[in-house]
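Chemist: Sequence plus predicted model, see below.
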Amino acid sequence: MSRIFRQLLFVVCLSVLVFAQDFRKPQNIILLIGDGMGLNYVAANVLQDADSPFRDFKTIGLSITKTIDSLITDSAQGATTIATGYRTRKTFIAVDTSLQPLYSIFEQSKKLGLSTGVVVTDEISGATPMAFLVHDPSRYNKEKMIEKLLDSKVDIIIGGGKKYFLPDNDGGIRPDKRNIISELRTKGYKFYFSFDDLPEVEAYNKFYGILSDSGLPKASERNYSLGQLTDTALKQLSNNSIGFVLMVEGSQIDWAGHNNDAGYALSELKDFATAISSALRFAEKDGNTLVLVTADHETGGLAITAGNYDGSNMIIKFVDNHHTGGFVPVFAKGPGEELFNGIYGNYMIGRKIFKLLDPTHRFNQSDYLTR
Ligand SMILES: [Zn+2]
């Protein structure tokens, strides 16, 4: 082989390597999860609101929400697939079928120097946030999982569920008498207990906003929106020039589905939409942020059966009180959005996020790759 030919071959190979990366890499990722938000939930929001932020997305995928051994999932397994890129069993929080920890996108983010944050309308001990923050064999070990936050390097958490942090003789329900709030303070976290107290502009980069004893009040019964909580988190997380990953959950969309309560579902969707708008506003200004909106599963089999042409007075019916196996959507906007078109298993959402964080990250256990 002549020297010139070898040099030419080298240049060709190098070009292939450089251009093989078929996506743009974002600096920041905002992942919004509407718990229980199947396709018809999105339809209801879009039909009802001409300015629905769902209308702003051009890249849309469909996620198959199975577990490793069941057609229908729960939120623990559903969030685990997104947080780790692996399917597992129901009730498992970021552990595999041998109960070994599954490495999460939050852990990877920290390794890369990014900040991480969680904003939910559920208790912080809820299955969705916990799958991003800790590892545990059961979503019901709430006190235990809250203890494990002491080992989490997360920067910002906003949500409810104060009672799991405090001893039973001090306003909480912990039988072990530990005060996890005091213990977290020694790790450098600041605490805020009402919306009005949350930091506005001032940068305090590690904090918990625990705004209620259990889950947050329904959107219709509180004087702040999930969008405002998202704004607060974004202001602080964006202080990190390396980047951040923020997970926001519209937790109570699922609760409305379980209750077959159409009005509750619509108002929680509207509240979730404020968070999507907040994320899109930030991303547009920033120019280097990927916004992803998805769900862990569908709840209740929601259907729109009648209503006015303008979307007012919709009649909404449910076929069930439980989760269903319907498609959930994946909306993507920003650098890397091109990865999210198509139909794929829920675990692929996690894998695509890993790919965006670190293109060299590899997955094993290919037996988890069931469609
Ligand atoms: Zn549910």
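Modeler: That came through fine. This structure is a prediction, so every number in the text was calculated from the model and none was measured. Numbering: from 1, shown residues only.
Chemist: So Gly311 belongs to a strand, correct?
Modeler: No: per DSSP: H, G, I helix; E, B strand; the rest coil, Gly311 lies outside any strand segment and is coil.
Chemist: And the pLDDT at it?
Modeler: With respect to pLDDT, Gly311 has a value of 96.
Chemist: what about it, how many neighbours?
Modeler: Residues within reach of Gly311, counting by other Cβ atoms under 10 Å, total 17. No exception for glycine: its C-beta is placed from N, CA and C like everyone else's.
Chemist: now do Lys190
Modeler: By other Cβ under 10 Å, 13 other residues sit near Lys190.
Chemist: My read is that it contacts Lys206, right?
Modeler: Yes: Lys190 is in contact with Lys206 according to Cβ atoms under 8 Å; the separation is 6.8 Å.
Chemist: which residues touch Gln108?
Modeler: Shown in contact with Gln108 (Cβ atoms under 8 Å, 6 or more residues apart in numbering): Phe354, Leu357, Asp358, His361.
Chemist: For PyMOL, write the selection for the buried entries among those.
Modeler: Written as a PyMOL command, the selection of buried residues from the contacts of Gln108, which uses 16 or more other Cβ atoms under 10 Å, is:
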select buried, resi 354+357
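Chemist: Output the contacts of Gln108 in JSON lines; the columns should cover secondary structure, distance to Phe106 and pLDDT.
Modeler: Shown next, in JSON lines, are the contacts of Gln108 (DSSP: H, G, I helix; E, B strand; the rest coil; distance: Cβ to Cβ, whole Å; pLDDT from 0 to 100):
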{"residue": "Phe354", "secondary structure": "helix", "distance to Phe106": "11", "pLDDT": "97"}
{"residue": "Leu357", "secondary structure": "helix", "distance to Phe106": "10", "pLDDT": "97"}
{"residue": "Asp358", "secondary structure": "coil", "distance to Phe106": "13", "pLDDT": "95"}
{"residue": "His361", "secondary structure": "coil", "distance to Phe106": "14", "pLDDT": "90"}
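Chemist: Now do the helix or strand harbouring Val118: which elements does it pack against?
Modeler: Using DSSP states H and E, Val118 sits in strand 115-123. If you count contacts as 3 or more Cβ pairs under 8 Å, 6 or more residues apart in numbering; DSSP states H and E, strand 115-123 packs onto helix 105-111, helix 127-133, strand 156-160, helix 226-237, strand 244-250, helix 262-286.
Chemist: Output it in PDB with nothing but the alpha carbons.
Modeler: Taking Å, rounded to 0.1, in the frame of the first residue of the first chain, the C-alpha atoms of strand 115-123 are listed here in PDB:
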ATOM      1  CA  SER A 115     -25.900  19.900  38.100                       C
ATOM      2  CA  THR A 116     -29.100  17.900  38.700                       C
ATOM      3  CA  GLY A 117     -32.500  18.800  39.900                       C
ATOM      4  CA  VAL A 118     -36.000  17.300  40.500                       C
ATOM      5  CA  VAL A 119     -39.300  19.200  40.700                       C
ATOM      6  CA  VAL A 120     -42.500  17.200  41.400                       C
ATOM      7  CA  THR A 121     -46.100  17.800  42.700                       C
ATOM      8  CA  ASP A 122     -46.000  14.400  44.500                       C
ATOM      9  CA  GLU A 123     -44.100  13.600  47.600                       C
END
